[in-house]
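J.: Test case, fold it:
(one chain, ligands or ions: 1)
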Amino acid sequence: MNVGIDKINFFVPPYYVDMTDLAIARDVDPNKFLIGIGQEQMAVCPKSQDIVTFAANAAKQILTPEDLAAIEMVIVGTETSIDESKASAVVLHRLLGVQPFARSFEIKEACYGATAGLQLAKSHVLTHPNSKVLVIASDIAKYGLHSGGEPTQGAGAVAMLISRDPRILVLEDQNAMLTQDIYDFWRPIGHPHPTVNGPLSNATYIESFQKVWHYYQEKYQRSLADFDALAFHIPYTKMGKKALLSILESETESEQEKILKAYEESIIYSRKVGNLYTGSLYLGLISLLENATSLAAGNRIGLFSYGSGAVSEFFSGILVEGYDAFLQKEAHQQLLANRQKLSIAEYEAMFEDQLDINQSNTFEDDLPFSLVSVEETIRTYKQ
Ligand code: CAA
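T.: Numbers count the residues shown, from 1 in each chain. Predicted structure coming up:
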């Protein structure tokens with residue numbers, strides 16, 4: 001039985017910062033951010049939006065009443081959860097109107113969480129073929145004003161519906177996983193922003209990719225020629241490219257060209273959004289599917305997932321006949337184009353205007369799903 005991604009959609013908040021403006025404000029050559037880091041714009045969100053509102057806005061648009069009746073699990077992968085105990089998936093389950101006899105929970109392992117959710121979803125559908133599973137990656141990437149990680153921030157969610165006979169991507173059974181206990185990026189409980197060892201995180205990302213890629217090749221006797229494109233976790237667009245270049249040297253010129261062209265197609269959305277943490281790989285996949293000029297049904301796509309700490313996985317999927325009819329290209333382009341650009345002063349004010357859940361808060365926001373209030377630490381959402 002084929003199981004995989006039947007529907008996929010992303011949502012990003014309606015504000016962004018231009019990276020040239022940020023570079024000028026930080027007294028840095030803009031080309032460091034535009035070329036060295038590879039980012040043009042960075043998504044920013046106000047305190048009336050959180051991982052639940054991103055997730056609900058991403059999922060609602062793709063779910064039909066039939067889907068809501070068939071979903072047996074709601075899984076949220078996040079590293080910026082809103083509660084130490086209660087899973088955001090439980091709130092989402094209600095906001096979206098999923099049938100009650102379902103499991104709803106969160107998975108945490110930095111940017112890898114949603115990939116674990118995807119694999120679990122696949123296993124569930126294999127044993128319960130009539131069921132569907134909603135997997136959502138939702139995060140707010142914030143490192144701090146004037147911090148080294150500031151140009152690699154972002155925010156947003158990707159929602160994926162996993163089912164049998166999927167209409168977009170069949171997930172294959174071949175995968176290579178790797179766990180290494182390191183401190184490259186972590187966020188101790190109670191800390192608003194992560195602690196990051198930038199050089200170590202870059203090096204571990206590349207090394208992890210090389211390890212899982214070589215292990216996958218050996219284990220399944222596959223080579224780059226068996227792939228039509230690779231999609232990467234994209235903390236910033238230069239990162240995936242560095243990892244990719246590290247394995248391309250020994251490949252033929254035509255293989256290199258094909259895979260590099262696909263990489264450029266996979267980073268179009270991330271360049272305008274920044275890091276979505278758990279969602280970044282899947283935003284890259286959407287960008288690839290919606291912007292590629294030479295992909296076709298039957299093509300194999302390799303996916304590299306990396307979560308600091310660190311867990312990584314290389315896995316693959318096969319494009320389904322007619323997959324492009326189920327993408328949301330126009331809506332995504334509109335979502336990105338309709339965002340409001342913030343001045344650096346507005347961005348800094350929004351960044352510092354943190355939600356204090358111990359205070360009474362009320363909000364007004366135009367989004368279909370947003371926070372209405374926070375009273376006695378309980379969040380109420382507009383539906
Ligand atoms: N023109 C063009 N390029 C320029 C330039 C200019 N004027 N000035 C500098 N550059 C280049 C540099 O040469 C460098 O390129 P290479 O990496 O190819 O050598 C690039 O711009 C970045 O410069 P620096 O290394 O000096 O940048 P930095 O020290 O300010 O920090 C960073 C970069 C480490 C990524 C930092 O932004 C950071 O810590 N980010 C958060 C951590 C992160 O994203 N890590 C990625 C792997 S971990 C992961 O993937 C999980 C996750 O999501 C967090």
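
J.: Contacts only, for whatever residue of the stretch 51-200 of the chain ends up closest to the ligand.
T.: The nearest approach of the stretch 51-200 of the chain to the ligand comes at Gly198, 2.7 Å away (C-beta to the nearest ligand atom). Every residue, glycine included, has its C-beta placed from N, CA and C. For Gly198, the contact set (C-beta atoms under 8 Å, 6 or more residues apart in numbering) comprises 148-149.

J.: mind listing what the closest residue to the ligand within the stretch 251-383 of the chain touches?
T.: Here the stretch 251-383 of the chain gets closest to the ligand at one residue, Ser308, 4.4 Å apart by C-beta to the nearest ligand atom. The contact partners of Ser308, by C-beta under 8 Å, 6+ apart, come to 110-111, 184-186, 196, 201, 204.

J.: Skip the chain neighbours and tell me the closest residue to it.
T.: Sequence neighbours aside, Phe185 is the residue nearest to Ser308 in space, at 3.6 Å (criterion: C-beta to C-beta, 6 or more residues apart in numbering).

J.: give me every residue that touches the residue nearest to the spatial centre of the chain.
T.: The chain has Gly279 as the residue nearest its centroid, 0.9 Å off, counting by C-alpha atoms, centre = their mean. Going by C-beta under 8 Å, 6+ apart, Gly279 touches 10, 114, 137-139, 156-158.

J.: Out of these, flag the one nearest to Ile24.
T.: Gly156 (25.0 Å; C-beta to C-beta).

J.: Which strand or helix spans Val52?
T.: helix 51-60 (DSSP states H and E).

J.: related to what we said a few turns ago, find me the pLDDT at the residue of the stretch 251-383 of the chain closest to the ligand, would you?
T.: With respect to pLDDT, Ser308 scores 98.

J.: Got phi/psi on it?
T.: Per-residue torsions, Ser308: phi -50, psi 150 (degrees, to the nearest 10).

J.: And the helices in the stretch 101-250 of the chain, which stretches?
T.: 113-127, 198-220, 237-248 (DSSP state H, counting those that start in this stretch).

J.: what mean pLDDT would you report for the shortest one?
T.: On average, the pLDDT along helix 237-248 is 98.

J.: quick one: the next helix-or-strand element following it to helix 237-248, angle?
T.: Per DSSP H and E, the first helix or strand lying C-terminal to helix 237-248 is helix 253-266. Angle of helix 253-266 versus helix 237-248, following axes from the mean of the first three to the mean of the last three C-alpha atoms, to 10 degrees, is 160 degrees.

J.: Just the C-alphas of helix 253-266, formatted as PDB.
T.: Output of helix 253-266 as PDB, limited to C-alpha atoms (Å, rounded to 0.1, in the frame of the first residue of the first chain):
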ATOM      1  CA  GLU A 253      28.600  17.600 -14.500                       C
ATOM      2  CA  SER A 254      25.000  16.900 -15.600                       C
ATOM      3  CA  GLU A 255      24.100  15.300 -12.100                       C
ATOM      4  CA  GLN A 256      25.600  18.400 -10.400                       C
ATOM      5  CA  GLU A 257      23.600  20.800 -12.700                       C
ATOM      6  CA  LYS A 258      20.300  18.900 -12.200                       C
ATOM      7  CA  ILE A 259      20.600  18.800  -8.400                       C
ATOM      8  CA  LEU A 260      21.800  22.400  -8.000                       C
ATOM      9  CA  LYS A 261      19.000  23.700 -10.200                       C
ATOM     10  CA  ALA A 262      16.500  21.800  -8.000                       C
ATOM     11  CA  TYR A 263      18.100  23.200  -4.900                       C
ATOM     12  CA  GLU A 264      17.600  26.800  -6.200                       C
ATOM     13  CA  GLU A 265      14.000  26.000  -6.800                       C
ATOM     14  CA  SER A 266      13.600  24.600  -3.300                       C
END
